[in-house]
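[1] Sharing a model that was predicted from the sequence below.
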Amino acid sequence: MAEITLHFDRSVKPYDEILAILCDGEKVHYCFSNMAQDVIVFTDRRIIYDDKDGLIGAKHDLLTIPYRSFIKWHTVNAALIDMTALLEFWTIQDQYKITTDRSLDLMPIHKIISSCVL
């Protein structure tokens with residue numbers, strides 16, 4: 001099982017290329033980015049991770065993780081002295097650790113995952 005760690009530090013609006021791949025009726029709830037211009041999108045059905053490559057981010061490596069593939073997950077919001085919050089989840093193949101800036105509240109994302117999995 002591979003462990004994949006990603007960090008995002010700001011909330012952004014989803015861009016057109018992401019919106020173009022959404023299914024009919026699929027809604028974006030949260031979209032985060034980082035200094036490398038990578039983007040992670042939380043919809044009502046899945047997580048979409050866009051790993052941008054190249055100097056201008058012209059190459060997009062898209063990964064979709066449907067919530068139904070989650071085995072378990074947990075979130076940790078930042079406390080007073082913490083610098084980051086954490087969303088960690090496991091699928092049959094991989095373990096993902098997504099850290100975010102302390103200002104980003106992960107509890108609504110936990111609720112989205114719960115409503116889709118349970």
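    Structure received. Numbering: from 1, shown residues only.
[2] so where is this structure shaky, pLDDT-wise?
    Counting by pLDDT under 70, the ranges of the chain that qualify are 54-58, 80.
[3] what's the residue closest to the geometric middle of it?
    The C-alpha lying nearest the average C-alpha coordinate of the chain belongs to residue 40 (C-alpha atoms, centre = their mean; 4.1 Å).
[4] how about the top helix by length along the chain as CSV, C-alpha atoms only?
    Looking across the chain with DSSP state H, the single longest helix is helix 107-117. C-alpha atoms of helix 107-117 as CSV (Å, rounded to 0.1, in the frame of the first residue of the first chain):
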residue,chain,number,x,y,z
MET,A,107,-15.1,19.2,9.3
PRO,A,108,-17.5,20.0,6.4
ILE,A,109,-15.4,17.7,4.2
HIS,A,110,-15.6,15.0,6.8
LYS,A,111,-19.4,15.4,6.7
ILE,A,112,-19.4,15.1,2.9
ILE,A,113,-17.4,11.9,3.0
SER,A,114,-19.7,10.5,5.7
SER,A,115,-22.8,11.3,3.7
CYS,A,116,-21.4,9.6,0.6
VAL,A,117,-20.0,6.5,2.3
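[5] contacting residues around the closest residue to residue 14 other than its chain neighbours?
    Excluding the flanking residues, the one nearest residue 14 by C-beta to C-beta, 6 or more residues apart in numbering is residue 31, at 4.5 Å. For every residue, glycine as well, the C-beta is placed using N, CA and C. For residue 31, the contacting residues are 11-14, 18, 39-42, by C-beta atoms under 8 Å, 6 or more residues apart in numbering.
[6] tell me which residues form a beta bridge with residue 31?
    When assigned by DSSP bridges, residue 31 has beta-bridge partners residue 41.
[7] list the contacts for the residue nearest to residue 48 when sequence neighbours are not counted?
    Distances taken as C-beta to C-beta, 6+ apart place residue 41 nearest to residue 48, at 4.3 Å, with adjacent residues excluded. Taking C-beta under 8 Å, 6+ apart as the criterion, residue 41 is in contact with 14, 18, 28, 30-31, 47-50.
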